[in-house]
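> any chance you could fold what I've pasted below:
(one chain, ligands or ions: 1)
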Amino acid sequence: MNEPENDHQGCDLRTRCGFYCDFAQRKSAVWQSMIRNYCEGTNFSLCARRIFFTRTGNCAPVDMTPIGTLPKELFDDLLRQD
Ligand code: SF4
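Take a look at the predicted model:
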């Protein structure tokens, strides 16, 4: 599958991405850092979710973040943060 187009203003998959839709409004520095660096920044081409989508054509698993799949305990802990 070809790499999706982007507008150089971050990832063009934002409106279709569950991670972005769920976490863009959270206040946690962890989530904000990922959103800023990947979804709205220049590192979107390195995003694990984006790579998964371009390789498989399917949405990434819910526990996959831009930096990859986190251990369940860490992911569950981070999920509780705003
Ligand atoms: S998580 Fe990845 S695929 Fe989703 S919007 Fe951010 S950069 Fe794009």
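> Lys27: neighbour count?
Look at Lys27: counted by other Cβ atoms under 10 Å, it has 8 neighbours. For glycine as for every other residue, the C-beta is placed from the backbone atoms N, C-alpha and C.
> so it versus Ser33, what's the distance?
The gap separating Lys27 from Ser33 is 12 Å, by Cβ to Cβ, to the nearest Å.
> what are the buried residues along stretch 28-46?
Within stretch 28-46, the residues scored as buried using 16 or more other Cβ atoms under 10 Å are 31, 34-35, 37-40, 43-44.
> now go through the residues you listed and say which are in helices.
31, 34 (DSSP state H).
> and of the buried residues of stretch 28-46, the nearest to the ligand?
The ligand has its nearest neighbour among the buried residues of stretch 28-46 in Cys39, at 3.2 Å by Cβ to the nearest ligand atom.
> re the thing from before, tell me, which of the buried residues of stretch 28-46 make contact with the ligand?
Filtering the buried residues of stretch 28-46 for proximity to the ligand by Cβ under 6 Å from any ligand atom leaves 38-39, 44.
> can you put those residues in a markdown table and add pLDDT?
Listed next are those as a markdown table, based on pLDDT from 0 to 100:
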| residue | pLDDT |
| --- | --- |
| Tyr38 | 97 |
| Cys39 | 97 |
| Phe44 | 97 |
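> any idea how far stretch 71-82 is from the middle of the chain?
Distance of stretch 71-82 from its chain centroid, counting by Cα atoms, centre = their mean, to the nearest Å, is 15 Å.
> what's it in contact with?
26-28, 30-31, 63, 65, 70 (Cβ atoms under 8 Å, 6 or more residues apart in numbering).
> understood, closing this out.
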